[in-house]
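Novice: everything below, folded, please.
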Amino acid sequence: MKVRFLGTAAGGGAPQWNCGCRVCEGARAAGVSRTQDSVAVSGDGHAWYLVNASPDLRAQLLATPELRPPAGTRDVPIRGVLFTSAELDHTLGLLSLREAAELDVYATEWVHEALTTAFPLQAVLSGYTRVRRHDVRDGESIELIGGLRVTATVLSAKRPRYAGALAPGDSVCAYRFDAEGRSFVYAPGLAAWSPEFEKAIAGADVVALDGTFFTEDEMGATRPASGMGHLAVREQLPLIEAHPGPRYLFTHLNNTSPLVLPDTPELAEVVAAGADVAADGLLLEL
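Specialist: Below you'll find the predicted structure:
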């Protein structure tokens, strides 16, 4: 199995274009840039699946050799897109794939509903290409091309702000990918380290965790991390130490997180707990 981290930042990227906070200023000074969260996964190195499609997707695809079409063709190796949520930073990039001959889109029923009603992305795309909808359900496995099997675990009912009028449902999930005895879990929207999540990561080789906020109060007392559907990194560190085995990597970093910057005390704290932070472009071969 191969996993390529295309982007590792939360919505807006890091540094964020309209932010002059300490971290963004430090990132600009250090030349650090993280694009918005997405990964590509392959079971055989030939057929690839995107998990989330960020607004930065075009640049991410151009920077990734595995996802380019062979010379003289338009046959890209992308076989489908899976959404962990209906958030704008996870879905807007789908419009960049409108030149595809067809698109297989995997998501929970709630996410599909949000993307056909509150934000009719799939209806817009259907005017350009054939969109084939696949529903993913909590705990059910789906066989993908290239010997890859994916299983969704619902994490929360957090709704994007544009979809606040929709009834709550299975709006955020993690995915576990399995191929030839190796496994990778992707959970950029982890609200709680639940028994269901523990089951999802059991025996995994690599687990990509929610690195949105380093502390619960990073955005101020009126906007706690938990209130936005994210378990703060510092609260995850004891849980990582209590569940050794996988390689843990944090992704989906908000532009305010000190983990955006290299060589910080907070990064040292993460490493001491047995984890690390993923970088844009990181390739894992499991």
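
Novice: quick one: the helices in the stretch 51-200 of the chain?
Specialist: 57-62, 88-91, 109-114, 121-125, 195-201 (DSSP state H, counting those that start in this stretch).

Novice: deepest of the ones you listed, which one?
Specialist: Of all the helices of the stretch 51-200 of the chain, helix 88-91 has the most neighbours on average by mean count of other Cβ atoms under 10 Å, namely a mean of 24. In short, each C-beta sits where N, CA and C put it, glycine included.

Novice: phi, psi for the residue lying farthest from the centre of the chain please.
Specialist: The outermost residue of the chain, judged against the average C-alpha position, is residue 72 (31.4 Å), by Cα atoms, centre = their mean. Main-chain torsions, residue 72, degrees, to the nearest 10: phi 80, psi 10.

Novice: so how far is residue 100 from it?
Specialist: For residue 72, the distance to residue 100 (Cβ to Cβ, to the nearest Å) stands at 18 Å.

Novice: residue 177 too?
Specialist: As for residue 177, its distance to residue 100 is 22 Å (criterion: Cβ to Cβ).

Novice: which one of the two is surrounded by more residues?
Specialist: The residue with more neighbours, out of residue 177 and residue 100, is residue 177; 26 against 18, by other Cβ atoms under 10 Å.

Novice: which residues does the more buried one bridge with?
Specialist: On the basis of DSSP bridges, residue 177 is bridged to residue 150, residue 184.

Novice: per-residue pLDDT, it?
Specialist: Looking at residue 177, its pLDDT reads 98.

Novice: for the stretch 51-200 of the chain, what spans make up the strands?
Specialist: Taking DSSP state E, counting those that start in this stretch as the criterion, the stretch 51-200 of the chain carries its strands at 78-82, 102-107, 130-135, 141-144, 148-156, 172-179, 182-186.

Novice: which stretch among these comes nearest residue 8?
Specialist: Closest to residue 8 of the strands of the stretch 51-200 of the chain is strand 182-186 (Cβ to Cβ; 11.7 Å).

Novice: roughly how far is the helix or strand of the chain with the lowest mean pLDDT from the heart of the chain?
Specialist: Scoring the helices and strands of the chain by mean pLDDT, DSSP states H and E places helix 121-125 at the bottom, with a mean of 92. A distance of 21 Å separates the centroid of the chain from that of helix 121-125, by Cα atoms, centre = their mean, to the nearest Å.

Novice: which elements pack onto that helix?
Specialist: Judged by 3 or more Cβ pairs under 8 Å, 6 or more residues apart in numbering; DSSP states H and E, the packing partners of helix 121-125 are strand 130-135.

Novice: taking strand 78-82 as reference, get the angle to the strand it packs on.
Specialist: Angle of strand 130-135 versus strand 78-82, following axes from the mean of the first three to the mean of the last three Cα atoms, to 10 degrees, is 50 degrees.
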